[in-house]
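Colleague: Okay, sequence plus prediction incoming.
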Amino acid sequence: MAAEWLIKVNNRFHGALNFHRDAADLFWFLSLPGFAMLHEYQLAVEALCQRKLKKFITEVTGMLVVDGLPIRAGMSEIVKGKIRTKIEPTFRWNMLKKSWEAYEEWERETLAEYEVIAKELSNDGYLVEYSYILKIVNEVNEELNHLRGILIEMSGMDWDISTISDMQEAMQEKYEYKLREMHKRHKKYHHFNSIE
Ligand SMILES: [Fe+2]
């Protein structure tokens, strides 16, 4: 049934929101505001997508589906109880690297899961649902390519912390701008009004 596939996507979205929220918290904690803002922006974009998807599910199934909320703890669990001025530089460096690797892994697995779902929907002839999920697949693909670009850049400099720190101000400004633009685009931000 199409509904089961759509619910799987909806529930994974909650995992995605959890991931971005957690990563933003971690990067604020690590005093890397450019990366924190990148995740704040993704959190806002994906929250809007999830709300639209949920409304779409109600429209096509005629049912109100209860959300499956994630229980998985994120990276920030590792820094629980620590004070940021007292953490070792090596620990900070490791957290930074691990968080980016976890981001790549999360989006790669998400893409694979959504691609399988899109294929199932297409095979079963649910074309409206298929084209909706295909749009989400393309967005995840775009996000993955973008983050891989940053990852390659950082691996290429062997995660040089002073260069990475220098990148932060410009990145923070970029994602603050994108977030503001997103809110401007969706003047009627409430999800009932933001559906095209
Ligand atoms: Fe994402």
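Modeller: Structure received. Residues are numbered from 1 along each chain as shown.

Colleague: Pull stretch 87-99 out as PDB, backbone CA atoms only.
Modeller: Extracted in PDB, the C-alpha atoms of stretch 87-99 (Å, rounded to 0.1, in the frame of the first residue of the first chain):
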ATOM      1  CA  ILE A  87      37.600  20.300  26.200                       C
ATOM      2  CA  GLU A  88      40.900  19.100  24.700                       C
ATOM      3  CA  PRO A  89      41.700  20.300  21.100                       C
ATOM      4  CA  THR A  90      42.000  16.700  19.900                       C
ATOM      5  CA  PHE A  91      38.600  15.900  21.300                       C
ATOM      6  CA  ARG A  92      37.100  18.900  19.600                       C
ATOM      7  CA  TRP A  93      38.800  18.000  16.300                       C
ATOM      8  CA  ASN A  94      37.500  14.400  16.600                       C
ATOM      9  CA  MET A  95      34.000  15.600  17.200                       C
ATOM     10  CA  LEU A  96      34.100  17.900  14.200                       C
ATOM     11  CA  LYS A  97      35.300  15.100  11.900                       C
ATOM     12  CA  LYS A  98      33.000  12.500  13.300                       C
ATOM     13  CA  SER A  99      30.000  14.800  13.000                       C
END
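
Colleague: Quick one: distance of that stretch to the chain centre.
Modeller: Centroid separation for stretch 87-99 versus its chain: 21 Å, with C-alpha atoms, centre = their mean, to the nearest Å.

Colleague: Could you do stretch 41-52 as well?
Modeller: Using C-alpha atoms, centre = their mean, the offset of stretch 41-52 from its chain centre is 8 Å.

Colleague: Quick check: buried residues in stretch 99-108?
Modeller: 99-100, 102-103, 106-107 (16 or more other C-beta atoms under 10 Å). The C-beta positions use only the backbone N, C-alpha and C, and glycine is treated the same way.

Colleague: Can you sort out which of the residues you listed also neighbour the ion?
Modeller: Contacts with the ion are made by none of the buried residues of stretch 99-108, judged by C-beta under 5 Å from the ion.

Colleague: ok, which pair from those is furthest apart?
Modeller: 99 and 107 (12.8 Å; C-beta to C-beta).

Colleague: ok so, going back, of all the buried residues of stretch 99-108, which comes closest to the ion?
Modeller: residue 107 (5.7 Å; C-beta to the ion).

Colleague: Spatially nearest residue to that closest one, not counting backbone neighbours?
Modeller: residue 144 (4.5 Å; C-beta to C-beta, 6 or more residues apart in numbering).

Colleague: Name the helix or strand for that neighbour, please.
Modeller: helix 127-156 (DSSP states H and E).

Colleague: For that helix, which helices and strands make contact with it?
Modeller: With contacts taken as 3 or more C-beta pairs under 8 Å, 6 or more residues apart in numbering; DSSP states H and E, helix 127-156 sits against helix 2-29, helix 33-61, helix 89-123.

Colleague: can we see that at 6 Å?
Modeller: Taking 3 or more C-beta pairs under 6 Å, 6 or more residues apart in numbering; DSSP states H and E as contact, the helices and strands that helix 127-156 lies on are helix 89-123.
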